[in-house]
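Engineer: Sharing a sequence plus its predicted fold:
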Amino acid sequence: MNPPSPLNPPKTLRQRLADLRGPAVAPRPLDARALAALAANPGCGRRALLDGAGVDKTVLAAALGSPAAFGQSQFAIVRGNSFEAKVKGDGGAELLRLVYEHLGAGPGGAAGPPGPDALTPDLTAAGPQGRAARTALALREATAAGAWTLLDHPMLALEVAGSPAYLEPDAVVVHPDGRWTVVEIKSFPMIDGAADAAKVGAAARQAAVYVLALETTAAKVPGAEVGHTVLLVCPKDFSNLPTAAPVDVRRERSVTRRQLERLTRVEELAGALPEGLTFDPACSAEELTEAVSAVSAAYAPECLAACELAFHCRERARGADEVTALGRSVRGELGGLTTVEAALAAAAGRGAPGSTGPDGTGSASGTPSDVASGTALDLASDVAFDDPTAVALRYAARLRAEALEQAPARIRPKAVECPC
């Protein structure tokens, strides 16, 4: 391969990602919710590349003909913003009270309750990079001051797959002892002190991403410590009054960190793509389908609740007869059998990885009618299959056939009562 001439210098990663988005498309920033979903499926290079390039997956899914059918309603957004404003009103006095009440004053109880002298620094700056730098400076100053400090919508930076992601938690509270606490404000209710477990789990995974980002900044600030217990603030019962509960996110933090470390770097994914490939929504559906298919995906039914491209990926997985459409657990159990047809063939004794038929040709014979009658299963029992998954499928198929044969004998005929 000839080296690039001075007239055609190699493109930087920023230019390459801009070409992938489209020349007139602004990048869509990553948020903690997207990062949590990305960490839950680290093997999906498609999502890693699209999120790293700032591609708007909602617009892309609509252009592909498989629009995402989920999202927050406008009513929920307005209600959430109204509740958050109520919680942070009066200089964040109620929010700081909840933090002190549920997370205490630190070791020895040296710190008193927050008063009207609590600090609320201004975090205004130009652009996400400027806001992240201003937040880091405010955290350093608050830790050195040793006073209760509330940071409203700070901007945190976290490197994901080789590119920076800028995250904006609802609030971060700096304790007088140097602890930093992430506060998540949600609009779903907490009834009798308990909230919906699925929603709390999603909030915990989202908060774990903020904790990881804060730890990057805390490593450069003397005396700072990021708390692994976040505060979840929700409406109490069916009112609009705030209540809170501490949530331990150590497990979610460890899982998220491990999964994010497994992500393939964006430059590696972009470098493997053919020149000229783009996800510009202005392209035709056929061009976009070809472009999306050039990036490997790891579809699972769980993607339907977290990824805008899930419906497109499900359609492609079903069309290719992939076992991933049946779920991660089934995919894991089937091992090297990647298609439904291959799994059914292995169960019928008609072929499996490493199998040999009685004539040494590599496949045991058997038609669907033979399978129904058990002929193929009997033949497969005499065949040596090296793959343990094929052996287990063959054994399960035999048990099923035997159960179906014995079922009529086990069913007792119901006595017909005389209608008179």
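Structural biologist: Everything's here; your move.
Engineer: Just give the number of residues close to residue 81.
Structural biologist: When counting by other CB atoms under 10 Å, one arrives at 12 neighbours for residue 81. Placement of C-beta: from N, CA and C, glycine included.
Engineer: I meant residue 407, not that one.
Structural biologist: 9.
Engineer: So for the host helix or strand of it, what gets flagged as buried?
Structural biologist: For residue 407, the host element (DSSP states H and E) is helix 388-410. For helix 388-410, the neighbour count (16 or more other CB atoms under 10 Å) marks 389-394, 397-398, 401 as buried.
Engineer: Equivalent analysis for stretch 171-180, please.
Structural biologist: By neighbour count on 16+ other CB under 10 Å, the buried set for stretch 171-180 is 171-176, 178-180.
Engineer: can I get those residues in CSV with pLDDT and secondary structure?
Structural biologist: Formatted as CSV, the buried residues of stretch 171-180 follow (pLDDT from 0 to 100; DSSP: H, G, I helix; E, B strand; the rest coil):
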residue, pLDDT, secondary structure
171, 95, strand
172, 96, strand
173, 95, strand
174, 94, strand
175, 93, coil
176, 92, coil
178, 92, coil
179, 93, strand
180, 96, strand
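Engineer: quick check, nearest of those residues to residue 195?
Structural biologist: Within the buried residues of stretch 171-180, proximity to residue 195 (CB to CB) peaks at residue 171, which comes in at 18.4 Å.
Engineer: In the sheet, which residues pair with the closest one? Tell me.
Structural biologist: residue 152, residue 183 (DSSP bridges).
Engineer: cool, and residue 339?
Structural biologist: Here residue 339, judged by DSSP bridges, has bridge partners residue 322.
Engineer: And for it, the neighbour number?
Structural biologist: The burial count for residue 339: 14, using other CB under 10 Å.
Engineer: go on, the one 10 residues further on?
Structural biologist: Taking other CB under 10 Å as the neighbour definition, residue 349 ends up with a count of 30.
Engineer: does it really touch residue 393, like I thought?
Structural biologist: No. The pair residue 349 / residue 393 is not scored as a contact, 9.2 Å apart, by CB atoms under 8 Å.
Engineer: for the helix holding residue 407, the distance to its chain's centre please.
Structural biologist: 37 Å (CA atoms, centre = their mean, to the nearest Å).
Engineer: got it, and stretch 202-211?
Structural biologist: Per CA atoms, centre = their mean, the centroid offset for stretch 202-211 relative to its chain is 11 Å.
Engineer: contacts for it?
Structural biologist: For stretch 202-211, the surrounding residues in contact (CB atoms under 8 Å, 6 or more residues apart in numbering) are 32-33, 35-36, 39-40, 156, 158, 167, 169, 172, 182, 184, 186, 226, 228, 230, 232, 247, 249, 252-253, 255-256.
Engineer: CA atoms of that stretch as CSV?
Structural biologist: Coordinates of each C-alpha in stretch 202-211 appear next as CSV, following Å, rounded to 0.1, in the frame of the first residue of the first chain:
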residue,chain,number,x,y,z
ALA,A,202,-31.9,1.2,35.6
ALA,A,203,-31.2,4.3,37.7
ALA,A,204,-28.5,2.4,39.5
ARG,A,205,-26.8,1.4,36.3
GLN,A,206,-27.0,5.0,35.1
ALA,A,207,-25.6,6.4,38.3
ALA,A,208,-22.7,3.9,38.2
VAL,A,209,-21.6,5.5,35.0
TYR,A,210,-21.5,8.9,36.8
VAL,A,211,-19.5,7.4,39.6
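Engineer: Got the confidence number for residue 372?
Structural biologist: Listed pLDDT for residue 372 reads 39.
Engineer: Let the chain start at 4 from now.
Structural biologist: Right, with 4 as the first residue, what we last looked at is residue 375.
Engineer: Apart from its neighbours in sequence, what residue is nearest residue 263?
Structural biologist: Excluding the flanking residues, the one nearest residue 263 by CB to CB, 6 or more residues apart in numbering is residue 42, at 5.3 Å.
Engineer: chain center to stretch 85-100, what's the gap?
Structural biologist: Mean-position distance between stretch 85-100 and its chain equals 30 Å (CA atoms, centre = their mean).
Engineer: Ends of it, what's the gap?
Structural biologist: 19 Å (CA to CA, to the nearest Å).
Engineer: buried ones in it?
Structural biologist: By neighbour count, with 16+ other CB under 10 Å as the criterion, the buried positions of stretch 85-100 are 86-87, 89-91, 94-95, 97-99.
Engineer: With stretch 207-224 instead?
Structural biologist: For stretch 207-224, using 16+ other CB under 10 Å, the buried residues are 207-218, 220-221, 224.
Engineer: In three-state terms, label residue 279 for me.
Structural biologist: coil (DSSP: H, G, I helix; E, B strand; the rest coil).
Engineer: and it, how far is that from residue 181?
Structural biologist: As judged by CB to CB, to the nearest Å, residue 279 and residue 181 stand 52 Å apart.
Engineer: part of a strand, is residue 248?
Structural biologist: Yes. Counting by three-state DSSP, residue 248 falls inside a strand.
Engineer: so what's it up against?
Structural biologist: Here residue 248 is in contact with 105, 193, 196, 198, 234-235, 237 (CB under 8 Å, 6+ apart).
Engineer: so where do the strands sit in the stretch 4-153 of the chain?
Structural biologist: Using DSSP state E, counting those that start in this stretch, the strands of the stretch 4-153 of the chain run over 152-155.
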